[in-house]
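Q: would you be able to build a 3D model of this:
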Amino acid sequence: MIVVMKSTSSDADVQHVLSFLQNHGLSGHLSQGVERTVIGVLGAVGPSGAPGSLGGINPSIGEALEGLPNVEDVVRVSKPYKLASREFHPEDTIVEVPSACVEGGIVRIGGKEVVMMAGPCTVETEKQLMTTAAAVRKEGAVILRGGAFKPSTSPYGFRGLGEEGLKLLAKARDEFGMAIITEVMTPSDVAMVCEYADILQIGTRNMQNYMLLDEVGRTRKPVVIKRGMSATFEEWLLAAEYILSQGNRNVILCERGIRTFEKATRNTMDISAFPLLKRLSHLPVLSDPSQGTGRRDIVGPLSLASVAAGADALLVEVHPNPDEALKDGAQSITIPQFRELMPQLHAVAGAIGRSVITK
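A: Below is the predicted model:
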């Protein structure tokens, strides 16, 4: 359930509600908007294990909450994800990421500006990373992607450079000013990756690795959570809920294609995800058309389609020589292709009343 406070409520009124919830074994998550303050109420299901009419919370609690000072309304949320829902947080969440290459030093994901994140799928060598970073920054990317740890379907595939790759990413950030997004794969690696990365990425295979989600939730680093390759929207948003419930509000959803019967592409990019998620959730939504297609020849069109459909940012794989890439070369676009994509991206964003942040 959600407790909606009156516009005249004071900090003391809000604290009174939070204390009431705590005294009844519940937790309250505060969301302060421009027009109103709401408190998301989380509680365990009843003894039978089946949620009650209030998501497992005793109905008498809801009635008691309605009687507290300056409580305007108590809304019963029908969705199993509370903190990720649009009902809990009517206004769009904007995730702020420090990035020295832009004016003011902050990139905001979820507002009117579209954000380009680009770089190699995997950090292979210093030369490969620095060449790519220089090229994508020149064309307007403000966040550098690169995998130091890479999950692989085959145990014999290249699995990344580990901490050495993180150090190279940090070196690229120092040289070009871009923020860094990289994947973290295990709970034990979270602290180490946080030392280097500005954004933590949860890959499709780890979307339901709940111990990992809890661990990144205990950080305050922005987290990109990719959709599981066969996940529904509800399963995806419940995975985001794990992170949010630990107190980390800096969560970004990433559509990266789902597994279907189609063989022409590696995955089937779900363009419907962007407008639908905007209705269901307040969280920013990112598009990864490289993973979403597995084909560099259609990464560009899918990037443009994603922005037209409402994506707040793009995560694009770029490689100086994709045919020689150690990982996922078939879905990595070349530097000239990236150079061609960026002005098209500006045009599409402008057509729908948005812009692309580049500096």
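
Q: relative to Val223, how far out is Arg249?
A: Computed as CB to CB, to the nearest Å, the Arg249 to Val223 distance reads 10 Å. No exception for glycine: its C-beta is placed from N, CA and C like everyone else's.

Q: actually Ile298, sorry about that
A: On the measure of CB to CB, Ile298 and Val223 end up 28 Å apart.

Q: who's more crowded, those two?
A: Val223 (24 against 17; other CB atoms under 10 Å).

Q: so where do the helices sit in the stretch 51-200 of the chain?
A: 59-66, 126-139, 163-176, 190-196 (DSSP state H, counting those that start in this stretch).

Q: what's the shortest one in contact with?
A: Read that as helix 190-196. Outside of helix 190-196, the residues within contact range by CB atoms under 8 Å, 6 or more residues apart in numbering are 148-149, 163, 166-167, 169-170, 180, 182, 184, 200, 212, 215-216, 219, 221.

Q: which members of these are classed as buried?
A: Buried members of those, counted by 16 or more other CB atoms under 10 Å: 148-149, 166-167, 169, 180, 182, 184, 200, 212, 215-216, 219, 221.

Q: out of those residues, which one sits closest to Ile94?
A: Lys221 (15.7 Å; CB to CB).

Q: could you measure from that closest one over to Gly119?
A: In terms of CB to CB, Lys221 sits 18 Å off from Gly119.

Q: report the rounded mean pLDDT for stretch 351-358.
A: For stretch 351-358, the mean pLDDT works out to 97.

Q: C-alpha coordinates for it, PDB please?
A: Extracted C-alpha coordinates of stretch 351-358, given in PDB (Å, rounded to 0.1, in the frame of the first residue of the first chain):
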ATOM      1  CA  ALA A 351      11.600  15.300 -33.700                       C
ATOM      2  CA  ILE A 352      10.100  14.100 -30.500                       C
ATOM      3  CA  GLY A 353      11.000  17.200 -28.400                       C
ATOM      4  CA  ARG A 354      14.200  15.800 -26.800                       C
ATOM      5  CA  SER A 355      17.900  16.400 -27.300                       C
ATOM      6  CA  VAL A 356      21.100  14.400 -26.900                       C
ATOM      7  CA  ILE A 357      23.500  15.500 -24.300                       C
ATOM      8  CA  THR A 358      27.000  15.700 -25.600                       C
END
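
Q: what comes up buried for that stretch?
A: Arg354, Val356, Ile357, Thr358.

Q: so the second one touches Gln344, yeah?
A: Read it as Val356. No: assessed by CB atoms under 8 Å, Val356 is found out of contact with Gln344, at 10.5 Å.
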